[in-house]
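Undergrad: the sequence and its predicted three-dimensional model are supplied below.
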Amino acid sequence: MNTSPFVYQRANSVDDAISLLQQHGDGAKLIAGGHSLLPIMKLRLAEPDMLIDIGRLPELQGTRREHGEIVIGALATHHQVATDQEIRSSIPLLADTASRVGDRQVRNRGTIGGALAHADAAADYPAAILALEATIVARGPGGARQIPAREFFLDFLTTALASDEILTEIRVPVPADGHGWSYQKLANQASGYAIVGVGAIAILDGSGTFDDVRVGVTGTAAVAWRAAATEAALRGQKPESGVVAAAADKVDDGVEALDDLHGSAEYRLRVTRGLTRRAILQAVARAQQRG
Amino acid sequence: MEISGQHRFSAPRERVWELLLDPKILQQCLPGAEDLVEVGPEEYEARMKIGVAAIRGTYQGKVKIVDKDEPTSYRMVVEGKGPAGQISGDAKIDLADDGEGTLVNWTGNANVRGTLARVGGRVMQPAAKMIVGQFFTCLEGKAG
Amino acid sequence: MHVPITLSVNGVERRAEVEPRTLLVQYLRNDLALTGAHIGCETSQCGACTVLLDGEAVKSCTILAVQADGAAVTTIEGLAPVGTLHPVQQAFWDQHGLQCGYCTPGMVLSTVALLADDPNPSEESIRHGLEGNICRCTGYHNIVLSVQSAAKSLASGAIPEPVLSRDASLTR
Ligand SMILES: Cc1cc2nc3c(=O)[nH]c(=O)nc-3n(C[C@H](O)[C@H](O)[C@H](O)COP(=O)(O)OP(=O)(O)OC[C@H]3O[C@@H](n4cnc5c(N)ncnc54)[C@H](O)[C@@H]3O)c2cc1C
Ligand code: FES
Ligand code: FES
């Protein structure tokens, strides 16, 4: 099974890739790991005339710590995110999420930048990226800009990135010491994609009350979201199971669930509420253990 | 695959009806419509570049308007063919007064063949909803 | 427009001009006759096409040959000299880790990569690590036994034939 023909161009730098995008317009597509793009091209759901390969640009690689943030290059593979020592110890939610993407071979090729830019409705990262309040850094002809996670995912496969912008890095603020976390996922058995995925961060104060709690949901709907109503219902409360369950029931406030062969809207919503409850309870349990 | 949705217009029902069935407006508002030609009474052929973000293809399509009940409802019989498969379907559009404005309810039933069928709902349903959404938003603009 | 590529495949330098849409698995099978890289699903699911790219297991049906330019590729044919078996291949033989054999080249290469990272994996890590390889025959039970047995024989000093690693990859 082949893609339709295209011209292949390897970019020498991010700036080179940006000018290639500008020159070739709509028909040109960036390729990083190719693990979202090539499958849809093979199905002829996409037929770009040109692929601009950014897969090896050194500028987009590597992870570093900077002022309380972990900065992850767009080309970090899922495997690298899952196994990086710094990420595992400071932002375990992200490392765990990465380790649950697809399978080993997919994790060896797929990149965090590609996954976020593609914004598949069933992608895993958006839940964690939202719960962690990460910032996405993009570079275009006019220079670099920072996009908060909340403003990044706009709709199905649609992000705040302009067509001539490149996602260069993801900046993740390290959550407070002793925070709890959890990623709960109902995976499609064949592909591993999230039918529903819920990421949660819980921070408890000295008396064991929620100081902060943040929940991101992916898979359920065309676009991932932050569960603001759930979070508001929990802040300042004791993490008792009844309180958590009632808050979790508000997770899909105003959200229209997908309804397809992987699950009806009603099923997805039930699973979303259930996984939200589990994610918060596990995050609390971890915070209590660590704190 | 079945999809449905709703859109509220602030314009009155007669005006919305007129817009929905005006080929010139359709040409402007159907996302990616390249040329829309009338091939028979209430029957159009169009080439459409449709897609969402990374997913995109050029489809050759035919639309026939049937069962018109002005200004309340009609059906569209649609046939399309493109690189990833064939689509044939049927959409029912209902218009109802809603205060000063109009409420449009639509239900589509599509039969999909080819590779499109294999990836099925996971891609098509949200994509279709987005495209219909863009269409109505454009119409809304024309309603003035 | 064809694109020139240079790869090290099973230790041999290969140069070619390929159409950009050529998949790595097609290049390996059609141009180099390395038909041990199987095509099962063509849709990135089954792992029958798994090869090692700079030492890491990847699905060669989901990589363009041009993306692999400059890299070192190991296919099942290159795991051990002709007439000998790599300890992982031997373990699959000993433990009946295969029936029809369709998934086996991919399973073996994924196992080689898995054991390079984690020489003594738990059953859970074996199953997690092989999620990208589908077997329609064995029910996986004997595959897990094969991996465990391979881990033991590697630990006890069975000499794995060298698998090309990143260090051995060609410089462009
Ligand atoms: C079998 C299989 C199972 C999978 N299972 C899962 C799963 O369980 N969960 C999950 O989340 N994902 C899953 N994936 C998707 C996988 O994670 C992809 O690797 C990822 O979504 C895309 O990353 P990539 O580097 O391969 O991007 P590519 O495919 O190279 O690119 C994807 C899109 O993003 C654009 N793009 C890429 N990089 C950038 C950049 N730096 N800036 C701007 N635009 C960019 C490209 O132009 C393209 O439109 C699966 C994939 C496969 C094949
Ligand atoms: S043929 Fe490559 S994963 Fe099945
Ligand atoms: S042995 Fe037949 S598919 Fe695995």
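TA: Yep, it's here. Residues are numbered from 1 along each chain as shown, chains lettered A, B, ... in the order given. Ligands and ions are numbered 1, 2, ... in the order given.

Undergrad: does chain A have contacts with the helix or strand hosting B:I50?
TA: Using DSSP states H and E, B:I50 falls within strand B:43-52. Yes - Strand B:43-52 lies within reach of chain A by C-beta under 8 Å from any C-beta of the partner chain, at B:51-52. Where you see a C-beta, it was placed from the backbone N, CA and C, and this is true even at glycine.

Undergrad: export stretch A:215-227 as CSV, just CAs?
TA: C-alpha atoms of stretch A:215-227 as CSV (Å, rounded to 0.1, in the frame of the first residue of the first chain):
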residue,chain,number,x,y,z
VAL,A,215,-7.9,17.2,35.0
GLY,A,216,-7.5,16.8,31.2
VAL,A,217,-9.6,14.5,29.1
THR,A,218,-8.9,13.1,25.7
GLY,A,219,-10.6,10.6,23.4
THR,A,220,-14.2,11.2,24.4
ALA,A,221,-14.9,14.1,22.1
ALA,A,222,-13.5,15.6,18.9
VAL,A,223,-11.1,17.7,20.9
ALA,A,224,-9.4,17.3,24.4
TRP,A,225,-10.5,19.6,27.2
ARG,A,226,-9.8,20.7,30.8
ALA,A,227,-12.5,19.6,33.2
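
Undergrad: quick check: mean pLDDT of the strand holding B:I50?
TA: In this model, strand B:43-52 has an average pLDDT of 84.

Undergrad: and after that strand, which helix or strand comes next?
TA: Following strand B:43-52 toward the C-terminus (DSSP H and E): strand B:55-69.

Undergrad: next, the buried residues of that following strand.
TA: Neighbour counts over strand B:55-69 (16 or more other C-beta atoms under 10 Å in any protein chain shown) mark B:55-57, B:59, B:61-63, B:65 as buried.

Undergrad: coming back round to it: what about the strand holding B:I50, distance to the chain center?
TA: 10 Å (C-alpha atoms, centre = their mean, to the nearest Å).

Undergrad: what do you get for stretch A:136-150?
TA: On C-alpha atoms, centre = their mean, the centre of stretch A:136-150 falls 16 Å from the chain's centre.

Undergrad: and the buried residues of strand B:55-69 near chain A, which?
TA: By C-beta under 8 Å from any C-beta, the members of the buried residues of strand B:55-69 lying near chain A are B:55-57.

Undergrad: which residues of the chain fall in helices?
TA: Picked chain A for this. In chain A, helices defined by DSSP state H lie at A:14-24, A:37-42, A:78-83, A:85-90, A:92-99, A:104-109, A:112-118, A:125-131, A:228-234, A:241-248, A:265-290, listed in chain order.

Undergrad: wrong chain, I was asking about chain C
TA: With DSSP H as the criterion, chain C has helices at C:24-26, C:87-94, C:104-117, C:123-129, C:141-155.

Undergrad: repeat that for chain B.
TA: Assigned helices in chain B, in chain order: B:13-20, B:23-29, B:115-143 (criterion: DSSP H).

Undergrad: I'd like the ones you listed as a markdown table, with mean pLDDT appended.
TA: Formatted as a markdown table, the helices of chain B follow (pLDDT from 0 to 100):
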| stretch | mean pLDDT |
| --- | --- |
| helix B:13-20 | 92 |
| helix B:23-29 | 86 |
| helix B:115-143 | 78 |
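
Undergrad: out of those, nearest to A:S163?
TA: Taking C-beta to C-beta, helix B:115-143 is the member of these nearest to A:S163, at 16.3 Å.

Undergrad: that closest one close to ligand 1?
TA: No - judged by C-beta under 6 Å from any ligand atom, helix B:115-143 makes no contact with ligand 1; its nearest approach is 11.8 Å.

Undergrad: just how off-centre is that helix within its chain?
TA: For helix B:115-143, the distance to the chain centre is 8 Å (C-alpha atoms, centre = their mean).
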